[in-house]
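[1] Kindly generate the corresponding structure for this input.
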Amino acid sequence: MTDQTDLRNRILLLETDEDVIRPLEVYFREQGMEFLVAGEAEAGLHQAVRARPDVILLASSLGQVDGLDLYQALRASPLTAHIPIMFITAQRDSARQNELLAAGADDVIVRPFDVEILALRVRNAIQRSRREGLTDSRTGLPTGALITERLRDLERGGAVARLELSIANFEAFRARYNFISGNDVLRYAATEICEVVEQVAPGDFVGHRDEARFVVLTAPERQ
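    From the prediction side, this is the model:
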């Protein structure tokens with residue numbers, strides 16, 4: 001069973017407007033959540049891989065980049081495809097909102113918004129994701145059904161190379177230093193694995209199999 005000790009919800013906001021950033025940052029941090037902000041598309045993609053947030057709040061446009069294009073880039077990467085994404089838009093045009101929802105967005109929030117209602121919808125998205133067992137709450141990585149689904153998708157395209165990694169003596173470490181330290185080690189290991197994969201073989205899948213075991217799925221020619 002996953003230990004819930006010292007787990008904090010992590011929110012990533014991709015936005016440039018300070019009138020949106022400031023109230024959300026104050027509110028979520030007061031609620032004990034970890035709140036991260038990126039104001040550029042490339043930085044946002046990197047932050048999503050590195051931080052593996054529980055939810056991404058995405059502006060419908062980010063500078064010169066259409067938010068929908070950034071959404072599709074996040075969904076196309078196996079490292080971020082599983083993360084719930086909610087759009088924030090100033091456009092009351094129902095056609096645009098329908099376009100975002102039809103693309104697969106988890107929700108669309110129209111400005112101006114009530115911060116407490118937005119936060120409730122964020123919590124619901126997190127709880128729904130965890131209830132479905134899609135990610136490990138300690139590392140933010142896909143687990144269980146998502147690993148199986150990705151493996152099947154790759155097998156349909158031909159051979160699959162699988163790299164299994166584990167943290168040696170993890171149980172002994174956790175028994176000595178407590179669950180909180182153990183969770184810190186798992187998150188650190190997940191971050192390092194994801195960053196290496198992003199640099200060496202972007203597009204490969206990283207999953208958290210169980211406890212101290214991780215898996216990287218790739219095509220044989222990318223080994």
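[2] tell me which helix or strand of the protein sits lowest on mean pLDDT?
    helix 145-156 (a mean of 85; mean pLDDT, DSSP states H and E).
[3] same for that one, what does it pack against?
    Packing partners of helix 145-156 (3 or more Cβ pairs under 8 Å, 6 or more residues apart in numbering; DSSP states H and E): strand 205-210, strand 213-218. From N, CA and C alone the C-beta is placed, and that goes for glycine too.
[4] what's in contact with it?
    Helix 145-156 has contacts (Cβ atoms under 8 Å, 6 or more residues apart in numbering) with 78, 82, 132-135, 142, 160, 162, 205, 207, 209, 215, 217, 219.
[5] which one among these gets closest to residue 124?
    For the contacts of helix 145-156, the residue nearest residue 124 by Cβ to Cβ is residue 132; the value is 12.5 Å.
[6] and the nearest residue to that closest one once chain neighbours are set aside, how many neighbours?
    Nearest non-adjacent residue to residue 132, counting by Cβ to Cβ, 6 or more residues apart in numbering: residue 145, 7.9 Å away. When neighbours are defined as other Cβ atoms under 10 Å, residue 145 has 11 of them.
[7] Next: residue 38.
    A count of nearby residues for residue 38, using other Cβ under 10 Å, gives 20.
[8] C-alpha coordinates for the helix or strand harbouring residue 21, CSV please?
    Secondary structure from DSSP states H and E places residue 21 in helix 18-30. Output of helix 18-30 as CSV, limited to C-alpha atoms (Å, rounded to 0.1, in the frame of the first residue of the first chain):
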residue,chain,number,x,y,z
GLU,A,18,0.3,38.2,-13.0
ASP,A,19,-3.4,38.9,-12.3
VAL,A,20,-3.9,35.2,-12.6
ILE,A,21,-0.6,34.0,-11.1
ARG,A,22,-0.7,36.0,-7.9
PRO,A,23,-4.0,35.0,-6.3
LEU,A,24,-3.6,31.4,-7.3
GLU,A,25,0.0,31.3,-5.9
VAL,A,26,-1.1,32.8,-2.6
TYR,A,27,-4.2,30.6,-2.2
PHE,A,28,-2.6,27.2,-3.0
ARG,A,29,0.5,27.9,-0.9
GLU,A,30,-1.7,28.9,2.0
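[9] Brilliant, that's me finished.
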